[in-house]
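Peer 1: Need coordinates for the below:
(one chain, ligands or ions: 1)
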Amino acid sequence: MKLDIKYYPDPILKVKAIEIKEITDNIKKMAYDMIETMDAYNGVGLAANQIGEAIKILVLRPEIKNDKGEIVLGDPEIYINSIFSNPSIEKDVMVEGCLSFPGIHIEIERPVKIHVEALDINGKKISEDFYDFRARVLMHENDHLNGKVFIERAHKKDKEFLKEALKKLRKSRKL
Ligand SMILES: [Zn+2]
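Peer 2: Model (predicted):
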């Protein structure tokens with residue numbers, strides 16, 4: 001089932017998500033609904049805050065290379081109760097967008113590598129280093145679960161643009 005996206009300035013985007021005690025059928029359904037929602041909006045990641053639930057689930061679709069060497073989106077992934085550690089000192093800059101901030105795309109600097117411990121949908125432990133695109137999406141979504149959003153990491157040069165863009169968003173949400 002496709003869920004409603006919570007848009008800026010919805011206060012749920014500032015709430016820190018809580019740990020999931022047990023992966024119940026309801027939690028599983030929510031995770032699959034989040035994937036359906038992410039796909040419906042052509043997103044590559046989604047955190048539970050963005051559908052109005054401040055609990056520690058994030059989903060993503062990684063970029064992978066197909067047989068022809070083309071970059072395509074791979075199978076969806078679900079991370080529950082993720083804990084991030086050991087970000088690389090090396091960073092890079094990429095343009096990011098967010099389903100909760102329609103129309104805003106800005107350059108964000110992030111580490112190129114991150115270590116993630118989490119559970120998959122079956123409660124199996126994930127403990128892995130992630131790089132590049134997948135690492136970036138994971139860090140963007142993990143920010144959401146910490147009640148933080150990508151515009152807080154914006155470069156100074158984008159501050160003026162952001163001010164105007166956010167004003168427009170707030171206005172459009174009131175209509
Ligand atoms: Zn986002």
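Peer 1: What are the contacting residues of stretch 116-123?
Peer 2: 23, 28, 31, 77-85, 125-130, 138 (CB atoms under 8 Å, 6 or more residues apart in numbering). In short, each C-beta sits where N, CA and C put it, glycine included.
Peer 1: Mark which of those are part of helices, please.
Peer 2: Secondary structure from DSSP state H places Lys28, Ala31, Leu138 of the contacts of stretch 116-123 in helices.
Peer 1: for those residues, which one is nearest Met94?
Peer 2: Leu138 (13.4 Å; CB to CB).
Peer 1: Quick one, grab the pLDDT at the most centrally placed residue in the chain.
Peer 2: Against the mean C-alpha coordinate of the chain, by CA atoms, centre = their mean, the closest residue is Glu141 at 2.5 Å. With respect to pLDDT, Glu141 has a value of 98.
Peer 1: That one: what secondary structure?
Peer 2: At Glu141 the chain is in helix, as set by DSSP: H, G, I helix; E, B strand; the rest coil.
Peer 1: and the nearest residue to it once chain neighbours are set aside, how far is that from Glu160?
Peer 2: Nearest residue to Glu141 in three dimensions, chain neighbours excluded: Leu58, at 3.9 Å (CB to CB, 6 or more residues apart in numbering). To Glu160, Leu58 is 31 Å away according to CB to CB, to the nearest Å.
Peer 1: With neighbour numbers in mind, choose between these two.
Peer 2: Leu58 (29 against 9; other CB atoms under 10 Å).
Peer 1: For this protein, which segments count as strands?
Peer 2: Along the chain, the segments classed as strands by DSSP state E run 45-47, 57-60, 63-65, 71-73, 77-85, 91-96, 106-111, 113-119, 125-131.
Peer 1: Adding distance to Lys168 and mean pLDDT, write those out as JSON lines.
Peer 2: JSON lines is the format used below for the strands of the chain (distance: least, CB to CB, whole Å; pLDDT from 0 to 100):
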{"stretch": "strand 45-47", "distance to Lys168": "23", "mean pLDDT": "98"}
{"stretch": "strand 57-60", "distance to Lys168": "27", "mean pLDDT": "98"}
{"stretch": "strand 63-65", "distance to Lys168": "30", "mean pLDDT": "87"}
{"stretch": "strand 71-73", "distance to Lys168": "29", "mean pLDDT": "90"}
{"stretch": "strand 77-85", "distance to Lys168": "32", "mean pLDDT": "98"}
{"stretch": "strand 91-96", "distance to Lys168": "18", "mean pLDDT": "96"}
{"stretch": "strand 106-111", "distance to Lys168": "14", "mean pLDDT": "97"}
{"stretch": "strand 113-119", "distance to Lys168": "32", "mean pLDDT": "98"}
{"stretch": "strand 125-131", "distance to Lys168": "34", "mean pLDDT": "97"}
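Peer 1: No more questions from me, cheers.
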